[in-house]
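Participant: Sequence first, then the predicted structure:
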Amino acid sequence: MKRTKLFTTTAMLTFGLAAAAQASTLVYCLEGSPEGFDPAPYTAGTTFDASSRAIYNRLIDFAPGSTDTVASLAESWEVAEDGLSITFHLRPGVKFQTTSYFTPTRDLNADDVIFSFERQLDQSSPWYAYAPGIAWEYFDSTGMASGIASIERVDDLTVRFNLTRPDVTLLSTFPMDFASIMSKEYADQLEAAGTMEQLNTHPVGTGPFTFLDYQQDAVIRYESFDDYWGGDQPIDNLVMAITVDPGVRQQKLLAGECDIIPYPNPSDIASLQANPDLNVMQQEGFNVGYLAYNTQMPPFDNPEVRRALNMAINQDAIIEAVFQGTGRAANAPLPPTSWAYNADLPAHVYDPEAARAALAAAGVSDLHMNIWAMPVQRPYNPNARRMAEMIQADFAAVGVTADIVSMEWGEYLAQSKAIDRDGAVLLGWTGDNADPDNFLGVLLSCDGVESNNRAQWCYEPFDTLIQQARVTADPAQRLELYRQAQEIFADQAPWFTVANSIVSLPMRNTVTGYIQDPLGMHRFLGVSVAE
């Protein structure tokens with residue numbers, strides 16, 4: 001029987017666990033504030049950790065610690081022989097969470113699935129732009145916007161997606177966070193009350209944890225959902241203590257105020273590993289960090305200029321200073337752990353004199369640009385400010401003046417996708433699934449311009465290969481298409497690929513049952529904390 005849930009206001013503010021002694025509480029030190037609690041409009045892992053991975057489910061999901069797809073809200077599914085439809089058979093008896101602001105009157109059905117996707121597909125829907133700045137970046141850049149012709153309600157527990165074309169990437173896309181299933185009944189209630197924007201601030205899902213409250217930039221509280229279809233959870237309370245500074249996160253971990261922390265400083269990992277009270281999980285990251293030039297703004301629209309700037313960057317020095325043994329030099333838009341990684345691509349060449357000469361040959365002199373530096377740590381970039389400063393110095397050595405720009409994380413993500421953004425932005429990517437399209441298609445296709453494609457790069461020879469790969473079923477043919485695409489990428493240089501990293505995750509020894517995820521997700525299903 002479920003223990004009584006208890007988490008006092010004092011404990012919430014101090015993040016101490018003593019006041020919650022009568023209940024099992026896990027405190028996760030989240031590295032930044034979520035942009036919202038509707039995961040569909042966003043792309044940041046920070047937002048997904050706080051929303052989709054705790055509160056919601058998808059039709060199909062990834063098995064813990066794996067990129068294999070497994071049943072979730074859909075018990076089974078089948079793809080038509082011609083590849084032009086996918087039919088999902090929903091799990092009966094799935095409950096939505098009851099909160100202080102919503103009491104469901106029915107179980108999950110086909111209407112919820114249709115609502116969750118049609119709001120992103122139908123531009124005439126009142127939910128298409130239900131809050132200021134809403135944009136469906138993943139839905140567009142994964143090709144769903146152009147690939148879904150209609151969504152059909154076969155019966156209460158059966159939904160059919162009719163497609164405009166076959167797409168072998170879709171079954172890897174449905175488990176992604178943006179495809180989380182919302183309650184249409186709750187949405188209808190908000191629409192009738194004229195408070196639609198609350199879908200993004202007061203979430204309701206079918207997942208393992210029910211949202212309780214959020215104190216801006218401080219703490220998010222959840223309680224386990226007693227009627228969760230996947231079973232009872234070992235912890236009663238989940239607390240996400242927003243702690244931006246990695247040094248402070250480490251202090252809280254050592255003091256027992258946090259049970260798990262993400263993204264430790266690379267220089268601290270050895271000491272954390274030596275601490276007998278801690279367990280530091282590690283694995284090769286399915287990620288890439290990069291500097292993306294705005295290829296639609298002169299002079300960065302000229303690949304000669306981009307190649308010249310790339311030669312000015314001392315990649316080895318960045319790897320040593322910023323990653324300190326937790327990263328390796330990247331030379332491709334795919335990580336080496338991807339099955340489509342092109343190992344034959346040349347490594348970056350650091351040659352400041354050749355860079356200066358190439359800039360002059362391209363007619364570029366007295367270039368003044370911005371370098372955008374992320375305000376948060378990510379697995380693909382543990383210290384963007386330091387990296388930006390090193391690139392700034394490298395550019396200065398070849399006559400290029402660079403200013404460093406930074407801002408709050410949500411604003412950074414919003415402004416950095418603008419087509420008229422100046423200069424180059426430091427960003428990166430941890431794969432949402434194991435399909436190469438999640439990097440090459442989402443980040444570099446024409447579909448992704450103004451969303452996840454921060455290089456604003458729409459290059460027809462590359463895009464043609466990516467689109468062809470989406471409809472090609474034969475793995476060998478797909479591999480060849482992706483190899484060719486990466487060769488074009490290397491030649492056109494919309495990014496400077498910086499690093500692929502090792503991901504470290506320190507936690508207290510009292511935490512058991514946590515499974516490190518290859519896709520960088522932080523999920524707390526089945527996790528226990530010893531009292």
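Facilitator: Received, thanks.
Participant: so which helix or strand takes in F395?
Facilitator: Secondary-structure element containing F395, defined by DSSP states H and E: helix 384-396.
Participant: how far does the helix or strand following that helix sit from the chain's center?
Facilitator: The element immediately downstream of helix 384-396 (helix or strand, assigned by DSSP H and E) is strand 401-405. The chain centre lies 26 Å from the centre of strand 401-405; the measure is Cα atoms, centre = their mean, to the nearest Å.
Participant: what number of residues lie near T472?
Facilitator: Neighbours of T472 under the rule other Cβ atoms under 10 Å: 16. Heads up, the C-betas are built off the backbone N, CA and C, glycines and all.
Participant: for it, what are its contacts?
Facilitator: 168, 478, 481 (Cβ atoms under 8 Å, 6 or more residues apart in numbering).
Participant: Closest one to M390 out of these, please.
Facilitator: L481 (35.2 Å; Cβ to Cβ).
Participant: How about residues contacting the host helix or strand of the closest one?
Facilitator: Element membership of L481 [criterion: DSSP H and E] is helix 475-492. Helix 475-492 is contacted by residues 168, 303, 306, 331-334, 339-342, 344-346, 436, 440, 444, 457, 459, 461-462, 465-466, 468-469, 472, 495 when judged by Cβ under 8 Å, 6+ apart.
Participant: In helices, which of the residues you listed appear?
Facilitator: 303, 306, 440, 444, 461-462, 465-466, 468-469 (DSSP state H).
Participant: quick one on the thing from earlier: and the contacts of T472, which are buried?
Facilitator: 168, 478, 481 (16 or more other Cβ atoms under 10 Å).
Participant: Go ahead and confirm the first one touches V471.
Facilitator: Yes: shown here, V168 and V471 form a contact pair, counting by Cβ atoms under 8 Å, at 7.0 Å.
Participant: Name the residues contacting each of the two.
Facilitator: Joint contacts of V168 and V471 (Cβ under 8 Å, 6+ apart) are G83.
Participant: Give me the average confidence score over stretch 25-32.
Facilitator: For stretch 25-32, mean pLDDT rounds to 96.
Participant: and Q198, helix, strand or coil?
Facilitator: helix (DSSP: H, G, I helix; E, B strand; the rest coil).
Participant: can you put the buried ones among the contacts of T472 in JSON lines and add pLDDT and distance to W127?
Facilitator: Below are the buried ones among the contacts of T472 laid out as JSON lines (pLDDT from 0 to 100; distance: Cβ to Cβ, whole Å):
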{"residue": "V168", "pLDDT": "93", "distance to W127": "29"}
{"residue": "R478", "pLDDT": "97", "distance to W127": "35"}
{"residue": "L481", "pLDDT": "98", "distance to W127": "36"}
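Participant: Could you list the buried residues of stretch 32-47?
Facilitator: Buried, per 16+ other Cβ under 10 Å, within stretch 32-47: 32-47.
Participant: Show me the two of these that sit farthest apart.
Facilitator: Longest span within those, Cβ to Cβ: G32 and A40, 19.0 Å.
Participant: Show me what the helix or strand containing L505 is packed up against.
Facilitator: Using DSSP H and E, L505 sits within strand 495-508. Where contact means 3 or more Cβ pairs under 8 Å, 6 or more residues apart in numbering; DSSP states H and E, strand 495-508 is packed against helix 246-255, helix 269-274, strand 278-284, strand 287-293, helix 315-318, strand 327-329, strand 424-430.
Participant: Okay, angle between the third one and strand 495-508 too, please.
Facilitator: If you take axes from the mean of the first three to the mean of the last three Cα atoms, to 10 degrees, strand 278-284 sits at 150 degrees to strand 495-508.
Participant: which parts of strand 278-284 are buried?
Facilitator: Those would be 278-280, for strand 278-284 by 16+ other Cβ under 10 Å.
Participant: Of these, which is the nearest to N57?
Facilitator: Out of the buried residues of strand 278-284, the member with the shortest distance to N57 (by Cβ to Cβ) is N279, at 28.1 Å.
Participant: Cross the buried residues of stretch 32-47 against strands and list the overlap.
Facilitator: Judged by DSSP state E, those include no members of strands.
Participant: Restricted to helices, list those residues.
Facilitator: Checked against DSSP H, those include these in helices: 45-47.
Participant: follow-up on the earlier one: name the residues that touch the helix holding F395?
Facilitator: Residues contacting helix 384-396 (Cβ under 8 Å, 6+ apart): 291, 309, 312-314, 317-318, 321-322, 352, 369, 371-375, 377-378, 381, 401-402, 404, 406, 426, 498.
Participant: so what's T142 closest to, chain neighbours aside?
Facilitator: T173 (5.1 Å; Cβ to Cβ, 6 or more residues apart in numbering).
Participant: my guess is that neighbour contacts G441, does it?
Facilitator: No: T173 lies out of contact with G441 (Cβ under 8 Å); the separation is 9.8 Å.
Participant: Mutual contacts of the two, please.
Facilitator: The contact lists of T173 and G441 share T142, where a contact means Cβ under 8 Å, 6+ apart.
Participant: picking that back up, Throw the helices and strands packed on strand 495-508 into a markdown table and include distance to Q392 and mean pLDDT, thanks.
Facilitator: Putting the helices and strands packed on strand 495-508 into a markdown table (distance: least, Cβ to Cβ, whole Å; pLDDT from 0 to 100) gives the following:
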| stretch | distance to Q392 | mean pLDDT |
| --- | --- | --- |
| helix 246-255 | 22 | 97 |
| helix 269-274 | 27 | 97 |
| strand 278-284 | 30 | 96 |
| strand 287-293 | 11 | 98 |
| helix 315-318 | 12 | 98 |
| strand 327-329 | 20 | 96 |
| strand 424-430 | 11 | 96 |
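Participant: Great, nothing more from me.
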